[in-house]
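J.: Just to be clear, the model below is a prediction. Sequence and coordinates:
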Amino acid sequence: MRKILPVFFLALASVATAPAYADKAPIYTKSFNNLGAGGYDVVSYFKDGSPVKGDKAYSAEYMGADFIFASQANLEAFKANPEEYVPQYGGYCAWAMADGKFFKGDPKQWTVLDGKLYLNYSDKIQAKWKADPEGFIQSADAKWPDILNR
């Protein structure tokens, strides 16, 4: 028993000190719903130039998250090529991802750059993001998706 206890406590300590973001879902959703992009129509950012709330009548599952759309046309566009529309870094905050951290992305704090959608945590974070989006993207790209399993 004396030999087992130190091994047990060592194993427990390694679990307790594991990063809080280990094994994150590839697409950010809230605890009590499975909506990607917070229920906003991801096609609308590209088509309308602004976020539009989705309607559950138009939905598609992608990578374990439910995406909802404002219209059948937007749903069909998404189904044809989901990677073209989903937020980068699974909808986690792009600025935080550049630092190797997970924070939820707010669908109202967004940028479309070079045909890709990026979400940020808040308006203050988005102001920081806008100072050097290309630099933050380069840093975040180096971390994503490997960071999901750290």
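T.: Cool, got the structure.
J.: what ranges do the helices span in this structure?
T.: Here the chain has its helices, by DSSP state H, at 4-16, 42-47, 72-80, 94-98, 123-130, 133-143.
J.: Could you single out the most deeply buried of these?
T.: Burial of the helices of the chain is given as mean neighbour count (mean count of other C-beta atoms under 10 Å); helix 94-98 ranks first at a mean of 26. The way it works is simple: take the backbone N, C-alpha and C, and place the C-beta from them, glycine included.
J.: quick one: contacts of it?
T.: Outside helix 94-98, the residues that touch it by C-beta atoms under 8 Å, 6 or more residues apart in numbering are 88-89, 102-103, 105, 111, 118-121, 125-126, 128-129, 133, 135-137, 139-140, 143-144, 147.
J.: if you set the cut-off to 10 Å instead, what comes out?
T.: 87-90, 101-105, 109-111, 113, 116-122, 125-133, 135-144, 147 (C-beta atoms under 10 Å, 6 or more residues apart in numbering).
J.: which ones are touching residue 53?
T.: Neighbours of residue 53 in contact, by C-beta under 10 Å, 6+ apart: 38-41, 44, 68-70, 107.
J.: ignore the last one, residue 112
T.: Neighbour list for residue 112: 45-46, 49, 87, 118 [criterion: C-beta under 10 Å, 6+ apart].
J.: ok, now residue 46?
T.: Going by C-beta under 10 Å, 6+ apart, residue 46 touches 74, 77, 84-85, 112, 115-117.
J.: Point out where the chain drops to low pLDDT.
T.: Flagging of the chain using pLDDT under 70 yields the residue ranges 1-23.
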